[in-house]
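**Q** quick one, structure for this:
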Amino acid sequence: MKKDTLLIHGGVMGDKATGAVSVPIYQVSTFAQDGAGKHRGYEYARTGNPTRDALERLIADLESGSHGLAFASGMAAMSTVLALYSQGDHLVMGDDVYGGTYRVLHKVFSRLGITHTAVDTSDPAQVEKAIQPNTKAILVETPTNPLLKVTDLSAIAKISKAKNLHFIVDNTFMTPYWQNPLTLGADIVVHSATKYLGGHSDVVSGLVVVNSEELAEQLYFLQNSIGAVLGPHDSWLLMRGIKTLGLRMKQHEQSARRIAEWLADHPKVQKVFYPGLSTHPGHLIAAEQANGFGGMISFEVQDGEVAEKVLRSTKYFVLAESLGAVESLISLPAKMTHASIPAERRQELGITDGLIRISVGVEDVEDLIEDLSQALSSHS
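**A** Here you go, the predicted model:
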């Protein structure tokens with residue numbers, strides 16, 4: 001089944017009992033049992049809900065995995081995955097990850113005795129060098145947030161398997177439409193489904209997919225025990241959003257390529273970060289391991305003052321956190337998504353005060369270019 005068809009017909013299709021084409025919203029907290037301990041597959045909605053189950057089956061199909069799990073947010077999904085590890089364990093992670101991932105590892109799991117080393121995962125040699133005797137997993141985003149560095153998934157998978165480590169990939173930016181890390185050797189895929197998968201700025205959610213019965217059992221135990229599950233109505237909204245993922249991702253990418261090329265030639269833009277540009281350091285790897293380059297672009301202007309003027313001047317680009325929605329969004333990572341990272345660390349990583357991140361929506365690309373043009377001219 002081709003990807004565009006799988007988006008519509010994957011997972012659970014409709015409702016056998018009534019013939020409804022859409023999976024029903026089972027807005028229920030508990031289920032009647034035929035006898036003590038004898039239920040019909042569902043007993044309590046934290047443990048399992050038919051609407052959530054349909055979503056979990058769908059994302060497993062889309063990521064070429066065996067089991068999917070749905071959570072109340074992307075960070076709930078990531079935190080549950082990190083709960084696989086114990087006091088004294090160590091992780092190698094990317095040095096350019098979402099600020100929330102950095103924060104939860106640095107300020108929450110560190111208190112539980114789980115340590116980490118941050119390296120540039122686009123360089124496999126740095127990853128291998130950072131592995132310690134107590135390392136249990138390698139965690140990467142690719143492309144990264146917000147500098148869009150590209151990690152060779154097959155190369156890192158080879159390292160992780162040689163060292164018997166879990167390989168965790170945050171696939172939020174690419175989505176399963178463009179990239180399937182499990183087929184390239186990853187063990188666990190995480191999504192902030194709030195972003196492209198939902199796609200309409202109306203649901204907060206997270207998803208995890210694995211291709212191992214053992215990992216699935218461990219994660220289902222944690223999902224049920226910790227309890228940060230996705231509700232039935234939000235599960236339904238997410239399935240509805242996923243049905244148009246292919247249409248949206250094609251438009252996001254088509255417009256992003258045009259805008260990235262335009263920005264690269266703009267005299268007031270110092271640098272553009274977009275894997276679809278042939279000048280991007282990870283362009284060739286991205287082209288090899290993914291079927292598209294996505295709709296995220298970052299670019300640098302002179303300084304933070306200029307950046308804030310640009311943000312205040314856009315009409316169609318909405319100044320807001322998050323990404324991947326039908327409307328175009330613009331943000332300043334240093335003061336928004338990555339504000340939890342200390343300033344000196346941001347400077348080391350290259351997240352400057354003048355770095356602007358945009359999520360290209362599905363509006364007419366000429367309107368978006370015109371909007372950026374007038375905003376970049378606003379500080380003249």
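**Q** for the chain, give me the ranges with low pLDDT.
**A** 379-380 (pLDDT under 70).
**Q** list the strands paired with the longest strand belonging to it, with their directions.
**A** Longest strand in the chain by number of residues, with DSSP state E as the criterion: strand 135-141. Strand 135-141 sits in its sheet next to strand 90-94 (parallel), strand 166-170 (parallel), going by DSSP bridges.
**Q** how about the helices in the stretch 251-380 of the chain?
**A** 283-289, 304-313, 343-349, 365-377 (DSSP state H, counting those that start in this stretch).
**Q** pull the contacting residues for Tyr196.
**A** By C-beta atoms under 8 Å, 6 or more residues apart in numbering, the contact list for Tyr196 reads 172-173, 175, 177, 245, 248-249, 252, 295, 323-324. Using the backbone N, CA and C atoms, a C-beta is placed for each residue, glycine as well.
**Q** and if we set it to 6 Å?
**A** If you count contacts by C-beta atoms under 6 Å, 6 or more residues apart in numbering, Tyr196 has them with 175, 324.
**Q** is it located within a strand, as I assumed?
**A** No - assessed with DSSP: H, G, I helix; E, B strand; the rest coil, Tyr196 is coil; it does not lie in a strand.
**Q** neighbours of Ala83, how many?
**A** A count of nearby residues for Ala83, using other C-beta atoms under 10 Å, gives 18.
**Q** typo on my end, it should be Glu363
**A** Neighbours of Glu363 (other C-beta under 10 Å): 16.
**Q** how much space between it and Glu261?
**A** Glu363 sits 18 Å away from Glu261 when distances are taken as C-beta to C-beta, to the nearest Å.
**Q** which ones are touching Trp236?
**A** 25, 51.
**Q** buried residues, the strand or helix carrying it. List them.
**A** For Trp236, the element it lies in under DSSP states H and E is helix 232-243. For helix 232-243, burial by neighbour count (16 or more other C-beta atoms under 10 Å) applies to 232, 234-242.
**Q** among the helices of the stretch 251-380 of the chain, which comes closest to Ala72?
**A** Of all the helices of the stretch 251-380 of the chain, helix 343-349 sits nearest to Ala72, with 28.4 Å by C-beta to C-beta.
**Q** of the strands paired with strand 135-141, which approaches Ser205 most closely?
**A** strand 166-170 (14.4 Å).
**Q** could you dump that closest one to CSV, C-alpha only?
**A** Listed next in CSV are the C-alpha coordinates belonging to strand 166-170 (Å, rounded to 0.1, in the frame of the first residue of the first chain):
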residue,chain,number,x,y,z
HIS,A,166,18.6,1.5,22.2
PHE,A,167,18.5,3.9,19.3
ILE,A,168,15.8,6.6,19.8
VAL,A,169,14.8,9.0,17.0
ASP,A,170,12.6,12.0,17.4
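**Q** next SSE after it?
**A** In N-to-C order, the element after strand 166-170 by DSSP H and E is helix 175-178.
**Q** what are the pairing partners of the helix or strand following that following helix, and which direction each?
**A** Downstream of helix 175-178, the next assigned helix or strand under DSSP H and E is strand 188-192. Here strand 188-192 has these sheet partners by DSSP bridges: strand 166-170 (parallel), strand 206-210 (antiparallel).
**Q** mind putting those in JSON lines, distance to Ala76 and mean neighbour count included?
**A** Listed next are the strands paired with strand 188-192 as JSON lines, based on distance: least, C-beta to C-beta, whole Å; neighbours: other C-beta atoms under 10 Å:
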{"stretch": "strand 166-170", "distance to Ala76": "14", "mean neighbour count": "25"}
{"stretch": "strand 206-210", "distance to Ala76": "5", "mean neighbour count": "28"}
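**Q** could you dump the ones you listed to a markdown table with distance to Ser359?
**A** Output for the strands paired with strand 188-192, formatted as a markdown table (distance: least, C-beta to C-beta, whole Å):
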| stretch | distance to Ser359 |
| --- | --- |
| strand 166-170 | 16 |
| strand 206-210 | 18 |
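**Q** of all those, which lies closest to Ala72?
**A** Nearest to Ala72, of the strands paired with strand 188-192 and by C-beta to C-beta, is strand 206-210 at 7.1 Å.
**Q** hey, C-alpha coordinates of the closest one in CSV?
**A** Extracted C-alpha coordinates of strand 206-210, given in CSV (Å, rounded to 0.1, in the frame of the first residue of the first chain):
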residue,chain,number,x,y,z
GLY,A,206,2.7,12.6,21.5
LEU,A,207,3.3,9.2,19.8
VAL,A,208,5.8,6.4,20.2
VAL,A,209,6.4,3.5,17.8
VAL,A,210,8.6,0.4,18.2
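**Q** which ones are touching Gly14?
**A** The contact partners of Gly14, taken as C-beta under 6 Å, 6+ apart, are 20-21.
**Q** ugh, wrong one, Ala77
**A** 71, 190, 206, 208.
**Q** once you drop chain neighbours, what's closest to the last one?
**A** In other words, Val208. For Val208, ignoring the flanking residues on the chain, the nearest one in space by C-beta to C-beta, 6 or more residues apart in numbering is Leu69 at 4.6 Å.
**Q** what comes up buried for whatever helix or strand the one you found lives in?
**A** Assessed by DSSP H and E, Leu69 sits inside strand 67-71. Residues of strand 67-71 classed as buried by neighbour count (16+ other C-beta under 10 Å): 67-71.
**Q** stretch 48-66 too?
**A** Those buried within stretch 48-66 under the rule 16+ other C-beta under 10 Å are 48-63, 65.
**Q** strands of the chain, start to end?
**A** 67-71, 90-94, 115-119, 135-141, 166-170, 188-192, 206-210, 271-273, 296-300, 318-319, 329-331, 355-359.
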